[in-house]
Every structure is written in C-alpha cells, then in structure tokens.
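Participant: Kindly generate the corresponding structure for this input.
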Amino acid sequence: MSADATVQLRPILANPHYAAIGGEAAVRRLTERFYELMDELPRARAIREMHPADLAAAKQRLFMFLSGWLGGPPLYAERHGQPRLRRDHVKFSIDEAARDAWMECMTRALHEQVDDPALRAQLVASFFKTADFLRNS
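Facilitator: Numbering: from 1, shown residues only. This next block holds a predicted model:
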C-alpha cells in the first residue's frame, strides 16, 4: 500500500462508522431525514427556528461534517477548516430542551436509517456527547 493510500485510509480505519452505515448515500439520507424530522416534530420547533427558512446550506454543512465525523472523507475540514463546534454554535441558546429536541430528531433518523442496533446505539451515544458538549445555557 502506498503512503498516500495509507494516509487516506487512516480516518476510515480509525472510525469505521461511515462505511458501516453505507457511505455517502447513507450519510445524505440521514441528513435529509434529520431535517425532515426537525420540520415535522412539534418538540423541535425551537431548534428549527435557529435555522433559516431554506435549509439547503445547513443540510450541506451537516452532511459534510458528518462525513468526516463518521470516518469518511473530511469534506467539512477541506472546505471550511477544522470544525469548531462550540464557536459555531455559541450564537444559539442551547439548553437541555434544545439538546433533547436535536437528539430526538437524530435518534429517530438513526432508527430509520441504520439497521444494526449495536452501531445505532454507539452513534446515539456519540451524538449525545457532542450535543451535550454544545449546551451553553
């Protein structure tokens, strides 16, 4: 294996979730369903209102972030630099209710998109840690 191939494989080998859920197409479906649920669930209204009416840019940013976060291509980092989640979310009031609403959307999307219960549980736990880290009020 060439040195370039080894460097490209490191993120995937370190975090195999991207491949395990089905790669790019699955991450796109997860992102789409997450935002559909944000529009549909009354409990998610407050977090939906943190977003612009047109979700196209938010969907693309989340897709790019999740790609790298799950161990796939680091699309977000390539385009925007290393993710700075706290800095990027400080302008929003994120309390336990907002965290829980976000988690409800993501957990439901994961239950619909990820068949493997063990993988799904790992992802829910990881998403919760990240969402809880972003609480600022």
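
Participant: Give the full set of residues in contact with Met106.
Facilitator: Shown in contact with Met106 (CB atoms under 8 Å, 6 or more residues apart in numbering): 34, 124, 127, 131. C-beta: built from backbone N, CA, C; applies to glycine.

Participant: Check the gap between the first one and Met103 for me.
Facilitator: According to CB to CB, to the nearest Å, Phe34 stands 11 Å off from Met103.

Participant: Now, the contacts of Met106 that are in helices?
Facilitator: 34, 124, 127, 131 (DSSP state H).

Participant: So for stretch 125-133, what gets flagged as buried?
Facilitator: 127-128, 131 (16 or more other CB atoms under 10 Å).

Participant: again with stretch 27-40
Facilitator: 27-35, 37-38.

Participant: ok so, going back, going by distance to Ala20, which of the contacts of Met106 wins?
Facilitator: Minimum separation from Ala20 among those (CB to CB) is found for Val124, which lies at 14.2 Å.

Participant: Report the spatially closest residue to the closest one, excluding sequence-adjacent ones.
Facilitator: Thr107 (5.5 Å; CB to CB, 6 or more residues apart in numbering).

Participant: In this structure the one you found contacts Leu123, no?
Facilitator: No - with contacts counted by CB atoms under 8 Å, Thr107 stays clear of Leu123, the gap being 9.1 Å.

Participant: re earlier: of all the contacts of Met106, which comes closest to Leu70?
Facilitator: Phe127 (10.5 Å).

Participant: separation between the residue nearest the centre of the chain and Ala101?
Facilitator: Ranked by distance to the mean C-alpha position of the chain (CA atoms, centre = their mean), the top residue is Leu66 at 4.4 Å. Using CB to CB, Leu66 is found at 18 Å from Ala101.

Participant: returning to that earlier point: would you mind giving me the confidence score for the residue nearest to Val124?
Facilitator: With respect to pLDDT, Thr107 scores 99.
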